[in-house]
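> Provide a 3D model corresponding to the input given below.
(one chain, ligands or ions: 1)
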Amino acid sequence: MYHDPFECRCVICHDYGDRAEADQVDLRVIGDVQRYGWHVVMVPEDDIGPGFAYTIGLAHTHGAPELAMFGLDVRDMHRMLNTLGERAAAGAVLESGQKHHDVTEHPAGIWTAEL
Ligand SMILES: [Zn+2]
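Residues are numbered from 1 along each chain as shown. Alright, predicted model coming up:
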């Protein structure tokens with residue numbers, strides 16, 4: 001749950017004392033967030049469960065919620081999350097309850113996930 005006003009807690013904004021331990025994947029994610037504003041992680045379907053994809057950096061760069069999608073082809077979800085990220089970058093407010101059926105032929109919407 002975010003506190004108001006938003007205070008970014010990512011590793012770019014805060015030194016948690018483990019920056020020297022960042023590996024190539026960590027540095028790639030950080031570089032993408034600094035260069036493009038966010039990074040999309042793709043986890044393909046396997047024997048354990050369906051594929052999913054999620055953003056890292058929308059909150060840091062745009063103060064927008066991070067997004068996750070499940071159950072579709074990971075390349076399609078990557079494209080759709082980038083489309084929604086571009087909307088956030090352009091100033092759109094992404095909120096729970098919104099429908100975004102134009103990013104896919106499947107029903108798509110935003111729902112809050114409590115952590
Ligand atoms: Zn940050």
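
> and Ala20, backbone torsions?
Dihedral angles of Ala20 (phi, psi; degrees, to the nearest 10) stand at phi -70, psi -20.

> And the pLDDT at it?
Ala20 carries a pLDDT value of 93.

> Could you report the separation of it from Val11?
Separation of Ala20 from Val11 (Cβ to Cβ, to the nearest Å): 12 Å. C-beta here means a position set from N, CA and C on the backbone, and glycine is covered the same way.

> Those two - which one has more neighbours?
Val11 (17 against 5; other Cβ atoms under 10 Å).

> wouldn't that one be in contact with Leu27 here?
No: with contact defined as Cβ atoms under 8 Å, Val11 does not count as touching Leu27 (10.6 Å).

> Now Gly85: closest residue in space that isn't a chain neighbour?
Of all residues not flanking Gly85 in the chain, Trp38 sits nearest, at 5.0 Å (Cβ to Cβ, 6 or more residues apart in numbering).

> Just give me the neighbour total for Cys8.
Burial of Cys8 is recorded as 14 neighbouring residues (other Cβ under 10 Å).

> Thanks a lot, see you next time.
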